[in-house]
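In: Following is a predicted model, sequence given first.
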Amino acid sequence: MSVAKGLKVVGYFDCPGGGQVVVRDGVAYVGHVTPPNGTTIIDVSDPSKPRKLAEIKVPNGTLSHKVRVDNGIMLVNREVFPIGRQDPNFRGGLEIFDITKPASPRHIGTWATRGMHRFTFDGRYVYGSPEMDGYLGNIVSIIDFKNPERPEEVGRWWMPGQWTAGGEKPAWEGTAHRCHHPMRVGNRLYVSYWHGGFVILDIDDMSKPKYISGLDWSPPFPWPTHTALPVPFLLRGRRVMLVADEDVVRLAGPTSPSFLWLVDITDERRPVPFASFQVDEEDGMPKGDYTGLHQFCEEIRSTEIPIAWFARGLKIVDIANPHAPKEVASFMPAVPEGAKRVQSNDVCYDAHGLTYLIDRTRGLHILERTKTA
């Protein structure tokens with residue numbers, strides 16, 4: 001049985017587990033976490049009665065769990081499945097679809113590389129984390145989709161030590177420092193770098209991204225950094241960035257689940273972590289992966305932040321007082337069929353303010369904030 005506080009269920013769509021959900025113009029797009037499921041396109045114009053419009057399958061051994069939509073174009077990632085599997089012949093990247101008719105997606109091109117993990121798309125440019133020949137782990141890449149059928153890379157950045165073909169030597173083991181997710185705000189990219197923390201890049205000249213600052217807190221903190229995104233308004237007169245550490249692939253030790261960071265970037269050359277948020281359910285004892293924080297909503301509309309908190313479901317956290325974030329609403333879905341526990345993986349808004357929550361095992365919930373706890 002599901003439990004909601006300050007939220008009510010508007011609709012539910014039964015589908016394989018997803019890594020990402022985005023909603024545009026009454027249509028939801030879900031990228032799935034297990035092949036052969038690739039992308040499902042869902043009509044949510046009536047959110048109480050979602051219905052499938054189309055689905056795209058992928059070959060076994062291929063992960064396509066991320067999706068972005070803008071200007072009638074849908075982009076989906078392709079990387080090796082499971083992540084980390086060694087296959088020198090695998091080629092991935094981005095697949096490009098015309099979705100002017102969402103029920104009939106039409107493949108129009110490919111941006112090929114060894115693989116692509118997370119990416120954002122603003123209708124013109126992709127800010128992505130591809131695997132590139134000659135580099136150790138994922139790097140930052142900016143790709144121009146002015147002509148969606150012939151995208152072109154216009155800029156890239158990597159952490160010194162990644163360009164092994166150029167003779168660089170990493171100061172870390174394996175691919176511990178790798179680009180996870182670049183997000184653009186103005187002429188800046190805010191980039192999570194896994195066990196390398198986060199970096200802020202100046203992209204005033206997209207062909208030559210420039211390092212402004214960064215902070216690597218792993219170690220001492222054991223979790224990899226998943227997402228870094230500034231709040232688009234001041235909080236008590238300060239510029240604040242939210243940072244999510246993902247509760248997976250922890251460094252060795254008796255670690256508790258990961259949590260949300262608040263970082264002061266009023267002086268962007270000197271980012272200062274000053275507050276954090278952890279759910280009340282945690283007791284500090286060691287837990288398995290996929291228990292704590294995964295991902296907050298990548299569109300910040302107010303001080304209330306929807307967060308997919310893996311085994312704890314959906315949390316709505318109010319950061320109006322950035323020094324003391326507090327939970328103001330929550331939704332704990334029922335454990336999906338075939339699963340041992342809830343695995344809330346991604347959350348987004350639609351144009352009407354409804355919240356969409358995808359579980360990595362099964363099911364998409366559509367929720368409305370009721371403002372009553």
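Out: That came through fine. All figures in this text were calculated on a predicted structure; none of them were measured in a lab. Numbers count the residues shown, from 1 in each chain.

In: I would like the residues contacting the one helix or strand Asp346 maps to, please.
Out: Element membership for Asp346 (DSSP states H and E) is strand 344-349. For strand 344-349, the external contacting residues (C-beta atoms under 8 Å, 6 or more residues apart in numbering) are 17-23, 33, 294-299, 301, 306-314, 333, 355-360. For glycine as for every other residue, the C-beta is placed from the backbone atoms N, C-alpha and C.

In: Give me the subset of these that lies in strands.
Out: Using DSSP state E, the members of those that fall in strands are 18-23, 295-296, 306-308, 314, 355-359.

In: which among the contacts of strand 344-349 end up buried?
Out: Buried by 16 or more other C-beta atoms under 10 Å: 17-23, 33, 294-298, 306-314, 333, 355-360, out of those.

In: For the spatially closest residue to Leu63 that is not a sequence neighbour, give me its contacts.
Out: Using C-beta to C-beta, 6 or more residues apart in numbering and skipping residues adjacent in sequence, the residue nearest Leu63 is Phe81, 3.8 Å away. Residues counted as contacts of Phe81 (C-beta under 8 Å, 6+ apart) are 34-35, 60-63.

In: what about stretch 150-161, how long is it end to end?
Out: 31 Å (C-alpha to C-alpha, to the nearest Å).

In: what about the strand holding Asp346, distance to the chain center?
Out: Centre-to-centre, strand 344-349 and its host chain are 9 Å apart (C-alpha atoms, centre = their mean, to the nearest Å).

In: As CSV, could you dump the C-alpha coordinates of that strand?
Out: Output of strand 344-349 as CSV, limited to C-alpha atoms (Å, rounded to 0.1, in the frame of the first residue of the first chain):
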residue,chain,number,x,y,z
SER,A,344,12.3,5.8,-6.9
ASN,A,345,14.7,6.9,-9.6
ASP,A,346,13.7,10.1,-11.3
VAL,A,347,11.2,12.9,-10.9
CYS,A,348,10.0,15.8,-13.1
TYR,A,349,7.2,18.3,-13.5
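
In: Next, the angle strand 355-359 makes with it.
Out: 160 degrees (axes from the mean of the first three to the mean of the last three C-alpha atoms, to 10 degrees).

In: Give me the mean pLDDT for strand 344-349.
Out: Mean pLDDT, computed over strand 344-349, is 98.

In: Likewise for stretch 37-54?
Out: For stretch 37-54, mean pLDDT is 98.

In: tell me which residues of stretch 257-268 are tucked away?
Out: So, applying 16+ other C-beta under 10 Å, buried residues of stretch 257-268: 257-265, 268.

In: got a list of contacts for it?
Out: With contact meaning C-beta under 8 Å, 6+ apart, stretch 257-268 is reached by 188, 200, 212-213, 215, 223, 228, 230, 238-247, 271-279, 282, 287, 291-293, 296, 307, 310, 317, 319, 322, 325.

In: Need the buried ones from those residues selected in PyMOL.
Out: Of these, the buried ones can be selected in PyMOL as follows, counting by 16+ other C-beta under 10 Å:
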select buried, resi 188+200+215+223+228+230+239+240+241+242+243+244+245+246+247+271+275+277+278+279+287+291+292+293+296+307+310+317+319+322+325
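
In: Of the contacts of stretch 257-268, which belong to strands?
Out: Mapping the contacts of stretch 257-268 onto strands (DSSP E) picks out 188, 200, 212-213, 215, 228, 230, 240-245, 272-277, 296, 307, 317.

In: Low-confidence stretches in the chain?
Out: 372-373 (pLDDT under 70).

In: Report the secondary structure state of the closest residue to Leu293 other than its chain neighbours.
Out: Spatial nearest neighbour of Leu293, chain neighbours left out: Ser258 (4.7 Å); criterion: C-beta to C-beta, 6+ apart. With DSSP: H, G, I helix; E, B strand; the rest coil as the basis, Ser258 sits in coil.
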